[in-house]
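Chemist: I need the structure of the sequence given here:
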Amino acid sequence: METKNRQEENLNDIEEYFDYQKKKNSKQAKRKWREIEAFKEQKRMQREMASYDSYVMH
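Modeler: Model prediction:
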């Protein structure tokens, strides 16, 4: 009986570990996505400023 409870506890620990890893990976993916979006926005602003500069210079 005790071994069965021990096995269930181990199984729960393993499930909790994988759930934690899944959340961790999800957070990393979201962070990476935010970084990519910020980079794209920065590049867009640089292009926009360059177009204004070229407009003013001509």
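Chemist: contacting residues for Lys32?
Modeler: Applying Cβ atoms under 8 Å, 6 or more residues apart in numbering to Lys32 gives no contacts. Backbone N, C-alpha and C define where each C-beta goes, glycine included.
Chemist: averaged pLDDT, the helix or strand it falls within. What do you get?
Modeler: Using DSSP states H and E, Lys32 sits in helix 2-57. In this model, helix 2-57 has a mean pLDDT of 85.
Chemist: so how far is it from its chain's centroid?
Modeler: 0 Å (Cα atoms, centre = their mean, to the nearest Å).
Chemist: again with stretch 40-58
Modeler: Centroid separation for stretch 40-58 versus its chain: 29 Å, with Cα atoms, centre = their mean.
Chemist: CA atoms of that stretch as CSV?
Modeler: Taking Å, rounded to 0.1, in the frame of the first residue of the first chain, the C-alpha atoms of stretch 40-58 are listed here in CSV:
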residue,chain,number,x,y,z
LYS,A,40,10.7,45.6,-35.5
GLU,A,41,9.1,48.8,-34.1
GLN,A,42,12.5,50.3,-33.6
LYS,A,43,13.5,49.6,-37.2
ARG,A,44,10.2,51.0,-38.4
MET,A,45,10.8,54.2,-36.5
GLN,A,46,14.3,54.5,-37.9
ARG,A,47,12.9,54.1,-41.5
GLU,A,48,10.2,56.6,-40.8
MET,A,49,12.7,59.2,-39.4
ALA,A,50,15.0,58.6,-42.3
SER,A,51,12.1,59.3,-44.7
TYR,A,52,11.4,62.5,-42.9
ASP,A,53,15.0,63.5,-43.0
SER,A,54,15.2,62.8,-46.8
TYR,A,55,12.0,64.8,-47.3
VAL,A,56,13.3,67.8,-45.3
MET,A,57,16.7,67.7,-47.1
HIS,A,58,15.1,67.8,-50.6
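Chemist: list the buried residues of that stretch.
Modeler: By neighbour count on 16 or more other Cβ atoms under 10 Å, the buried set for stretch 40-58 is empty.
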